[in-house]
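Asks: Predicted structure and sequence below. I'll ask about it afterward.
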Amino acid sequence: MSSHESAARPTMPSEASPPHTTSPRGFGRRSLLLGLGALPATISLAGCSGGAGGTDSDVAMVEYEQGSSALKAELGPEIDGVPYPEGYVGPRARELEPFGDGSTTFTVLTRSENGLDLATNGHSEYLEEKTGVRIEYSTVPQGEEGSPKVNAIISSGDLPDAFMLGPEWMGGFTKAQLYAYGEQGLFQPLDQLIDEYALELQQLFEQNPDLRAAWTAPNGAMYAIPAVNQCYHCASSDTRTWVHTPSMEAAGWSEHPKTLEEFEQMLRDMKAKDPELRPFSGDSGMLPFGLIAAAFMDFGIQRIRRDGETIVYTPLDEPFRQVMEVVARLTADGLIDRNTFSQNNDQLKRLTMNEEKSLVGVVQAPHHWAIANIDFGDGNDRWKEFVPLTPFTGPGGKAPIVPWNESHGDAVGLVISSTCDDPATLVRWADAQLGLLPSLDRSMGAQGVFWDWADGTQLGIDGRTALYAKMPAEEDKPDNAAWPEFSPHNSSLDVRHGEAVDESTSIEPALFRAGQLYEAFRSPIESIYASPFFTSAQSAEIGELRTNLDTTYAQLTTQMALGDLDPTDDSHWEQYVTAFTNAGVERYLEVLTEADAARR
């Protein structure tokens with residue numbers, strides 16, 4: 001399951017995932033960052049040379065001025081009787097009138113998935129019926145397996161009319177790739193067609209004034225129709241920590257600790273009460289520094305923070321040395337489980353799901369699925385025993401700071417190649433998918449079969465009146481009734497939270513409350529480094545440097561936690577800093593700063 005999986009796949013939480021977010025209502029402050037994705041991993045640019053690899057002073061701007069063309073289409077009338085919750089922000093349910101005549105069959109490259117046959121798929125048929133546009137789909141696998149095939153297709157020059165390859169976690173295009181291929185003339189700039197035909201997208205721009213700028217490359221062009229999938233609880237998931245309530249109460253704690261000292265004492269009391277218990281455990285995929293770091297510093301998103309005009313790599317901050325001192329002490333005292341730094345998630349779950357009782361008191365994890373096995377209806381409610389641990393203050397009463405990742409929720413929806421003879425129709429086809437009805441059909445299947453409008457008595461994930469509810473058939477629907485998250489869609493915050501849920505069969509309300517709890521401590525927006533459009537050369541360099549730094553970080557912090565390096569020893573700390581220097585941290589920050597300055 002992706003970190004950015006939409007409300008479409010409801011039994012698993014959306015985590016990621018990405019992208020992602022601020023206020024439980026509407027766009028709020030996240031509008032500044034929507035569309036600015038994660039720092040890139042290493043990318044492959046098939047046949048790429050020159051162009052996007054240059055500096056921004058070399059960029060030739062496109063001639064078209066955004067917003068200068070008149071509309072050539074109009075939205076259909078709104079459907080009556082839709083139970084929008086109070087204050088709803090998102091796409092509306094509208095009548096869809098076909099605009100394609102079916103005389104042309106467009107070719108679209110997208111993703112394969114087990115059980116998915118796009119030629120007979122329910123959502124494929126829905127889109128053709130509603131738009132009149134005929135599509136011939138070809139597919140490549142997700143992730144690394146599919147990337148060489150995409151590169152080979154691009155290198156061959158035998159391009160489909162459009163690419164619909166999904167978010168980056170699926171292996172979809174990065175913004176650097178959009179920019180590079182656009183400048184090479186492989187992808188069409190869509191700005192004028194958006195102004196003329198993309199009514200749903202323009203409404204999205206109105207709701208989020210920064211979105212268009214976020215998707216505009218340095219040369220002034222938009223090369224993709226975006227997809228939006230806002231995940232509120234994902235914004236704090238990298239820090240979220242859970243406490244096992246029965247273990248806490250058995251240790252004599254009726255309330256959550258309010259200070260770092262109280263947190264440490266709670267762990268000691270847990271250990272004294274139950275020697276079998278690992279007071280604080282986890283798995284190696286999420287090192288247990290989140291709330292401890294929050295008590296000392298703003299750890300940033302992907303270990304990057306902005307201090308004014310300066311970009312900071314936070315593992316080299318002096319306060320992080322204090323974080324590691326605490327972690328090392330707790331590990332040496334048996335309060336943090338040493339296995340945390342090497343065990344996988346299945347091994348962790350064997351502890352939390354021990355038949356008699358949980359053998360873990362506190363665990364850092366993004367959601368319940370990473371803590372416990374959940375099978376609704378079987379009477380196993382171990383997952384409900386874990387509740388979000390309230391962030392605690394640091395030394396001297398310092399207020400905790402939870403890094404609040406506001407870049408969740410954006411992805412490339414559709415890219416149109418330069419060989420497409422009728423890009424206007426494909427822009428309209430992509431834009432139609434951003435409407436409410438197509439977005440819901442994409443995620444759940446046909447209305448009246450798998451879902452319908454809520455009845456006015458049901459509550460959504462955020463406690464407001466629900467917008468829609470799944471029908472019993474949805475639980476047993478065939479795989480081929482809906483699409484994965486590889487296409488344009490608008491799963492805005494209020495669409496996601498508008499699902500009618502039963503807490504006996506969904507963890508989403510609990511995750512919403514976890515997001516609310518941590519939002520009270522969120523990092524200031526001024527400290528967030530929002531990833532800009534990198535040139536292809538910058539992106540490739542950043543990807544390699546980040547891989548080196550991530551490896552160095554995981555290795556050295558683990559050595560400090562386990563006592564192989566002593567964070568209180570100046571020579572050991574210097575050894576730690578030198579390792580990051582050798583891994584390229586200075587150049588990493590230089591490239592981030594260059595790209596950031598070019599955006600401004």
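Replies: Cool, the structure landed.

Asks: neighbours around Glu318, how many?
Replies: 9 (other C-beta atoms under 10 Å). Where C-beta positions appear, they are placed from N, C-alpha and C, glycine not excepted.

Asks: Tell me, what's the model's pLDDT at it?
Replies: pLDDT recorded at Glu318 is 94.

Asks: How about Thr21?
Replies: Thr21 is given a pLDDT of 34.

Asks: for the one 10 residues further on, same thing?
Replies: Here the pLDDT value assigned to Ser31 is 41.

Asks: remind me which residues of the stretch 351-500 of the chain are low pLDDT?
Replies: By pLDDT under 70, the low-scoring segments of the stretch 351-500 of the chain are 379, 407-409, 473-478.

Asks: quick one, strands of it?
Replies: Along the stretch 351-500 of the chain, counting by DSSP state E, counting those that start in this stretch, strands occupy 360-364, 386-388, 410-416, 451-453, 468-470, 490-491.

Asks: closest one to Leu287 among these?
Replies: Leu287 lies closest, by C-beta to C-beta, to one member of the strands of the stretch 351-500 of the chain: strand 360-364, at 7.8 Å.

Asks: which strands and helices sit next to the closest one?
Replies: strand 241-244, helix 245-250, helix 260-273, strand 278-281, helix 345-352 (3 or more C-beta pairs under 8 Å, 6 or more residues apart in numbering; DSSP states H and E).

Asks: For these, give me a markdown table that also has distance to Asp298 and mean neighbour count.
Replies: Below are the helices and strands packed on strand 360-364 laid out as a markdown table (distance: least, C-beta to C-beta, whole Å; neighbours: other C-beta atoms under 10 Å):
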| stretch | distance to Asp298 | mean neighbour count |
| --- | --- | --- |
| strand 241-244 | 17 | 26 |
| helix 245-250 | 27 | 18 |
| helix 260-273 | 16 | 19 |
| strand 278-281 | 22 | 26 |
| helix 345-352 | 27 | 17 |
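
Asks: Out of these, the one nearest Leu178 is which?
Replies: helix 345-352 (33.5 Å).

Asks: what angle do the closest one and strand 360-364 make?
Replies: Orientation of helix 345-352 against strand 360-364 (axes from the mean of the first three to the mean of the last three C-alpha atoms, to 10 degrees) gives an angle of 140 degrees.

Asks: just checking, what packs against helix 345-352?
Replies: Secondary elements touching helix 345-352 (3+ C-beta pairs under 8 Å, 6+ apart): strand 278-281, strand 360-364.

Asks: the helices in the stretch 301-450 of the chain, which residues?
Replies: Along the stretch 301-450 of the chain, counting by DSSP state H, counting those that start in this stretch, helices occupy 318-332, 345-352, 423-432, 436-444.

Asks: Wait, Thr558 touches Met324, no?
Replies: No - at 10.5 Å, Thr558 does not count as touching Met324 under the criterion of C-beta atoms under 8 Å.

Asks: Looking at the two, which has the bigger crowd around it?
Replies: Comparing Thr558 with Met324 by other C-beta under 10 Å, the one with more neighbours is Met324, at 24 against 19.

Asks: Now do the same contact list for that one.
Replies: Met324 makes contact with Thr557, Met560, Ala561, Pro567, according to C-beta atoms under 8 Å, 6 or more residues apart in numbering.

Asks: give me the number of residues near the second one?
Replies: The one in question is Met560. 23.

Asks: And Ala227, by the same measure?
Replies: Neighbourhood size, Ala227 [other C-beta under 10 Å]: 29.

Asks: Look up how far Ile416 lies from it.
Replies: 15 Å (C-beta to C-beta, to the nearest Å).

Asks: Same check on Asp378?
Replies: Separation of Asp378 from Ile416 (C-beta to C-beta): 48 Å.

Asks: More neighbours: these two, which one.
Replies: Ile416 (28 against 8).

Asks: Surely that one touches Leu186?
Replies: No - shown here, Ile416 and Leu186 do not form a contact pair, counting by C-beta under 8 Å, at 10.4 Å.

Asks: List the contacts of stretch 127-146.
Replies: Stretch 127-146 is contacted from outside by 96, 98-102, 104-113, 118-119, 124, 149-150, 160, 165-166, 169-171, 425-426, 428-429, 432-433, 438, using C-beta under 8 Å, 6+ apart.

Asks: So which bits of that stretch are buried?
Replies: For stretch 127-146, a neighbour-count test (16 or more other C-beta atoms under 10 Å) marks 127-128, 130-133, 135, 137, 139-142, 146 as buried.

Asks: Now tabulate the helices and strands packed on strand 360-364 in a markdown table and tack on distance to Ala293.
Replies: Shown next, in a markdown table, are the helices and strands packed on strand 360-364 (distance: least, C-beta to C-beta, whole Å):
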| stretch | distance to Ala293 |
| --- | --- |
| strand 241-244 | 11 |
| helix 245-250 | 21 |
| helix 260-273 | 11 |
| strand 278-281 | 14 |
| helix 345-352 | 20 |
